[in-house]
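> give me the fold of what follows.
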Amino acid sequence: MPANPTSDPRTAVITGSDSGIGRATAVRLAEQGLDIGITWHSDREGAEATAAEVRGKGRNAVIERMDLADLPAAAGAVDRLAERLGRLDVLVNNAGTGTATPFLDIDHATFQHVLDVDLAGPFLCSQVAARRMIEQGDGGRIVNVTSVHEHQPRVGAAPYCAAKGGLGLLTQVMALELAEYGINVNAVAPGEIATPMTGQEDEDVTAKDRPGVPLGRPGDAREVAAVIAFLAGPDAAYVTGASWAVDGGMLRMGPQAGSHLPDHSWRRP
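Got it, this is the predicted structure:
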């Protein structure tokens, strides 16, 4: 009989939590009573700012630098954070990168770098986390932040789409294999979210017009964090192997339409 997943998670490690979706998730989970491990690549100041917000919620926060291009060594940051937190109940694989390069122009080094950061990195971090959760004996949660491009392609994003599509299927395999240990594994697939990666942050998303998105605007990082927090919490005890789109309906239109339709004429037959 499979083990029951933990019903009271106490700690979480969130990769790439120095800004954007990662920071919003750290704060949201802290509000739910979790202590937080924060990783950063180039923005230590941002990581410290996230930690300050977490501590402002009355929770413990620790930080570690992680360079997911330095594999397999980078995954050791997950173990170090878990040691400092005392245990590990939730891993959120949020750190990522991308490129906007035509397929015929991408060099091998660029392609490999994106795959390492967006796919191999989460794979190795999840192995570290799952082994620790199994040793603890009371289950856990792993949430992989993919993208709408887990499901549909985008011109100029060949390595990103390949990595996010691969991470989506990796999520499903992990869910099957780790279920017997009470570890639930899910993906969250954001659309256009106002974060540094999209050149937007701390902006009023309701003031931006996106004709090709059914809800008519980009998303806020906190809206993604809310779904991640649900999947990390006790109410999602019977949810595993799923991909949760947080995209304002973009996937119903196609990601190319989401960013390229110039007006709202599609709304009428």
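> where along the stretch 151-269 of the chain do the strands fall?
183-190, 193-194, 219-220, 243-246 (DSSP state E, counting those that start in this stretch).
> find the nearest non-adjacent residue to A163, please.
D118 (3.6 Å; CB to CB, 6 or more residues apart in numbering). C-beta coordinates here come from the backbone N, C-alpha and C atoms, glycine included.
> the one you found reaches K164, doesn't it?
Yes. D118 is within contact range of K164, at 6.4 Å (criterion: CB atoms under 8 Å).
> so what's the residue count around the closest residue to A158 other than its chain neighbours?
Using CB to CB, 6+ apart and skipping residues adjacent in sequence, the residue nearest A158 is F103, 4.8 Å away. Neighbourhood size, F103 [other CB atoms under 10 Å]: 11.
> for G241, phi and psi?
phi 80, psi 10 (degrees, to the nearest 10).
> likewise for D209?
phi -100, psi 120.
> residues touching P211, list them.
Shown in contact with P211 (CB atoms under 8 Å, 6 or more residues apart in numbering): L261, P262, D263, H264, W266.
> residue contacts, the third one?
Going back to what we said before, that points to D263. Counted by CB under 8 Å, 6+ apart, D263 has contacts P211.
> roughly how far does it sit from A47?
41 Å (CB to CB, to the nearest Å).
> R141: what secondary structure?
strand (DSSP: H, G, I helix; E, B strand; the rest coil).
> identify the residues contacting it.
5-6, 9, 89-91, 183-186, 231-232, 236.
> quick check, nearest of those to Q127?
Nearest to Q127 among the contacts of R141, counting by CB to CB, is L91 at 10.3 Å.
> in three-state terms, label the closest one for me.
Under three-state DSSP, L91 comes out as strand.
> per-residue pLDDT, the nearest residue to it once chain neighbours are set aside?
Residue nearest to L91 in three dimensions, not counting chain neighbours: A129, with 3.9 Å by CB to CB, 6+ apart. Predicted confidence (pLDDT) for A129: 98.
> what about A129, neighbour count?
Counted with other CB under 10 Å, A129 comes out at 27.
> likewise for Q112?
13.
> packing partners of the helix or strand harbouring it?
Assigned by DSSP states H and E, Q112 belongs to helix 108-115. With contacts defined as 3 or more CB pairs under 8 Å, 6 or more residues apart in numbering; DSSP states H and E, the packing partners of helix 108-115 are helix 158-178.
> for the nearest residue to G248 once chain neighbours are set aside, grab phi and psi.
Leaving aside its sequence neighbours, G248 sits nearest to L215 (CB to CB, 6+ apart; 3.6 Å). When read as degrees, to the nearest 10, the backbone of L215 gives phi -80, psi 0.
> L215 touches M253, doesn't it?
No. At 10.7 Å, L215 does not count as touching M253 under the criterion of CB under 8 Å.
> what about those two, which has more around it?
Using other CB under 10 Å as the criterion, L215 and M253 rank with M253 on top: 19 against 13.
> hmm, R210 and that one touching each other?
No. At 10.1 Å, M253 does not count as touching R210 under the criterion of CB under 8 Å.
> for the helix or strand harbouring the residue nearest to L91, buried residues please.
For A129, the host element (DSSP H and E) is helix 121-136. The neighbour-count check on helix 121-136 (16 or more other CB atoms under 10 Å) flags 121-126, 128-130, 132-134, 136 as buried.
> any idea which of those residues is the one closest to V227?
Once CB to CB is applied, the member of the buried residues of helix 121-136 that ends up nearest V227 is P122, at 17.4 Å.
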